[in-house]
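**Student:** Sequence unavailable; structure follows:
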């Protein structure tokens, strides 16, 4: 790994005491593209700083023969990066927010959530099925997805299809689709395909009535050491207030349900006329049993640089010092209230059975 030395590494060529900020990322092409976009923004905001990108492999990148839901590790794509943060080998890490557990290890916080791209799922078809939709694929066509959430919802909606696990980064999964003649289509996050420049492969966008999305999908989270005020100040300007409030509500919903990638939980959020709307649902593994509800809360979306309170305790792992506390608490309470409503209606039984079945297979 490169990037030895402490956070106050300097360089003489560009003037005295130019600080080097070390940014951790996974090694995949998508992770690098996402990290590059964040670093480009930071360079524009802070022309006096230097940034060094340090890439590393995570557990989730290395275990490719097992479904994500079977591995039983909550921090599949984050653990090694957090270890580097803890050892002061990097100063911040860029993640896909949906990879970050709703409870972070002690000593870490999400210092910024960037503006969300599309949170929706997209269908990429095998070349021989271009022009089709999931509905018009032939009977017993095999559709690849690494997500229990997608499989449960789509099995219910499209019972004529067979859903199978497919692992690997985006490049690997697309190659498997095109070359192996096993899959008629695969389901991927639309945001990832866009970031990779592969919009032309998107054959169908799945809207909430077909498939609600994962908590935090389409947003990037910047993880830092919780007590590193300098880096917190540095990244706080990256917060997008609307994305932040939507993701606080989503993460609070998932956390209160005690969900994770081993159970099918999905959400949809929207902000309209000062109201934050949250729809959340839980499904059995085969999609036959499900429960979903919608609630709303009043939130004032603040201006980007409106001053917040001085004390910034975390909400669902997030510290947002540039955003007033009131809307954040309203968003968190919305997520908790919706989860409580579903739990009171029997969602715990659906989730417990899904967990047991997933563990047994």
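**Tutor:** That came in fine, so what should we check first? Quick caveat: nothing in here was measured; it's all calculated off a predicted structure. Numbering: from 1, shown residues only.

**Student:** Quick one: residues contacting the spatially closest residue to residue 332 that is not a sequence neighbour.
**Tutor:** What sits nearest to residue 332 in space, not counting adjacent residues and going by CB to CB, 6 or more residues apart in numbering, is residue 252, at 4.5 Å. Placement of C-beta: from N, CA and C, glycine included. With contact set as CB atoms under 8 Å, 6 or more residues apart in numbering, residue 252 has these partners: 102, 315, 316, 331, 332, 333, 334, 335, 336, 339.

**Student:** And the buried ones among those residues, selectable in ChimeraX?
**Tutor:** Provided next is the ChimeraX selection string for whichever of the contacts of residue 252 are buried by 16 or more other CB atoms under 10 Å:
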select :102,315,316,331,332,334,335,336,339
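
**Student:** continuing past the worst-scoring helix or strand of the chain on mean pLDDT, what's the next helix or strand?
**Tutor:** Lowest on mean pLDDT, DSSP states H and E among the helices and strands of the chain sits helix 68-71, with a mean of 42. Note on helix 68-71: by DSSP states H and E, the next helix or strand toward the C-terminus is helix 79-86.

**Student:** other SSEs contacting the helix or strand that that following helix is followed by?
**Tutor:** Heading C-terminal from helix 79-86, the first helix or strand you meet, by DSSP H and E, is strand 92-96. Judged by 3 or more CB pairs under 8 Å, 6 or more residues apart in numbering; DSSP states H and E, strand 92-96 is in contact with strand 20-26, helix 29-45, helix 79-86, strand 220-225, helix 229-236.

**Student:** got TSV for these, with mean pLDDT, mean neighbour count and distance to residue 257 too?
**Tutor:** Shown next, in TSV, are the helices and strands packed on strand 92-96 (pLDDT from 0 to 100; neighbours: other CB atoms under 10 Å; distance: least, CB to CB, whole Å):
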stretch	mean pLDDT	mean neighbour count	distance to residue 257
strand 20-26	93	23	27
helix 29-45	96	16	27
helix 79-86	86	20	23
strand 220-225	96	24	20
helix 229-236	95	18	29
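
**Student:** just to revisit the earlier point, from residue 300, how far off is the residue nearest to residue 332?
**Tutor:** In this view, residue 252 and residue 300 are 18 Å apart by CB to CB, to the nearest Å.

**Student:** Over to residue 48?
**Tutor:** From residue 48 across to residue 300, the span is 34 Å (CB to CB).

**Student:** picking that back up, what's the closest of the helices and strands packed on strand 92-96 to residue 195?
**Tutor:** The closest of the helices and strands packed on strand 92-96 to residue 195 is helix 29-45. By CB to CB, the value is 5.2 Å.

**Student:** Hey, what's the angle from the closest one to helix 79-86? Just curious.
**Tutor:** Interaxial angle, helix 29-45 versus helix 79-86 (axes from the mean of the first three to the mean of the last three CA atoms, to 10 degrees): 30 degrees.

**Student:** What are the contacting residues of helix 29-45?
**Tutor:** Helix 29-45 has contacts (CB under 8 Å, 6+ apart) with 21, 23, 25, 49, 51, 53, 55, 94, 96, 114, 169-171, 192, 195-196, 220, 222, 234-235, 237-238.

**Student:** Find the centremost residue of this structure, please.
**Tutor:** Centrality entry for the chain: nearest residue to the mean C-alpha point is residue 98, 1.8 Å, by CA atoms, centre = their mean.

**Student:** correct me, but that residue touches residue 217?
**Tutor:** Yes - in this structure, residue 98 is within contact of residue 217 by CB atoms under 8 Å, at 4.9 Å.

**Student:** list the helices and strands the longest helix along the chain packs on?
**Tutor:** Counting residues, the longest helix found in the chain (DSSP state H) is helix 325-344. Helix 325-344 sits against helix 241-257, strand 275-283, strand 290-298, with contacts defined as 3+ CB pairs under 8 Å, 6+ apart.

**Student:** got the angle for the second one vs helix 241-257?
**Tutor:** Going back to what we said before, that points to strand 275-283. Following the same axes, to 10 degrees, one obtains 40 degrees for the angle between strand 275-283 and helix 241-257.

**Student:** quick one: strand 275-283 to strand 290-298, angle?
**Tutor:** 170 degrees.

**Student:** Off-centre distance for strand 275-283?
**Tutor:** 16 Å (CA atoms, centre = their mean, to the nearest Å).

**Student:** Rounded mean pLDDT for that strand, please.
**Tutor:** Averaging pLDDT along strand 275-283 yields 97.

**Student:** Any figure for the gap between the nearest residue to residue 53 once chain neighbours are set aside and residue 170?
**Tutor:** Nearest non-adjacent residue to residue 53, counting by CB to CB, 6+ apart: residue 23, 5.1 Å away. Per CB to CB, residue 23 is found 21 Å from residue 170.
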